[in-house]
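Participant: kindly generate the corresponding structure for this input.
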Amino acid sequence: MSTLARIAFLFVLLGTFASFRPALRPADNPDAVVGTWLNGTKRGHVQIYKQGDKYFGKLIWMKEPTDPATNKPKLDTKNPDAKLQSRSLMNLNIMTNFEFDGGNVWDEGKIYNPEDGKTYSCKMTLKDASTLDVRGYVGISLIGKTQTWTRIK
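Facilitator: Numbers count the residues shown, from 1 in each chain. Now for the predicted structure:
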């Protein structure tokens with residue numbers, strides 16, 4: 001093979017590899033967190049969705065959706081705001097205003113825990129396409145609790 005042929009072959013080879021771009025990993029995609037997730041207690045499904053440039057989550061399934069005492073849908077009885085205690089937990093927005101921080105992190109959001117009626121700062125970290133760490137905390141994220149959620153769809 002002549003030197004000129006080798007150089008031409010090298011340029012063709014380099015051109016082929018230069019045009020190759022690997023698929024985005026889930027962590028590179030701001031919308032990778034969108035979907036339905038089984039929470040860490042395995043008693044609820046949360047649908048995470050995007051609205052504008054922020055991410056939210058609502059409770060769309062509960063293992064025990066009715067109050068055994070009344071046989072009616074469970075209500076937000078632990079909410080400190082008496083006006084909100086009569087709202088149903090089903091389809092309740094429990095995650096608000098998350099922003100994609102890059103990589104595999106969504107931060108600056110809040111999560112409401114209907115089991116104690118408290119709202120916490122929250123950070124989500126996508127471990128892989130089907131595993132999401134959700135960390136609720138007060139003040140700084142070092143003081144908090146992490147649940148691992150599993151993607152349903």
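Participant: every contact and neighbour count from this point should use C-alpha atoms.
Facilitator: OK.
Participant: what pairs with T146 across the strands?
Facilitator: Taking DSSP bridges as the rule, T146 bridges to R135.
Participant: can you give me the neighbour number for it?
Facilitator: A total of 16 residues lie near T146 under the criterion other Cα atoms under 10 Å.
Participant: ok, now R87?
Facilitator: 14.
Participant: kindly report the same for K72.
Facilitator: K72 has 11 neighbours, counted by other Cα under 10 Å.
Participant: give me the neighbour count for the closest residue to it other than its chain neighbours.
Facilitator: For K72, ignoring the flanking residues on the chain, the nearest one in space by Cα to Cα, 6 or more residues apart in numbering is T66 at 5.1 Å. If you count neighbours by other Cα under 10 Å, T66 ends up with 16.
Participant: now swap in G139 and tell me
Facilitator: Residues near G139, counting by other Cα under 10 Å: 10.
Participant: quick one: the helices in the chain, in order.
Facilitator: Under the criterion DSSP state H, the chain contains helices at 3-19.
Participant: I'd like the distance between the residue most central in space within it and V134.
Facilitator: Geometric centre of the chain, nearest residue: V33, 4.4 Å, by Cα atoms, centre = their mean. Distance of V33 to V134, given as Cα to Cα, to the nearest Å: 11 Å.
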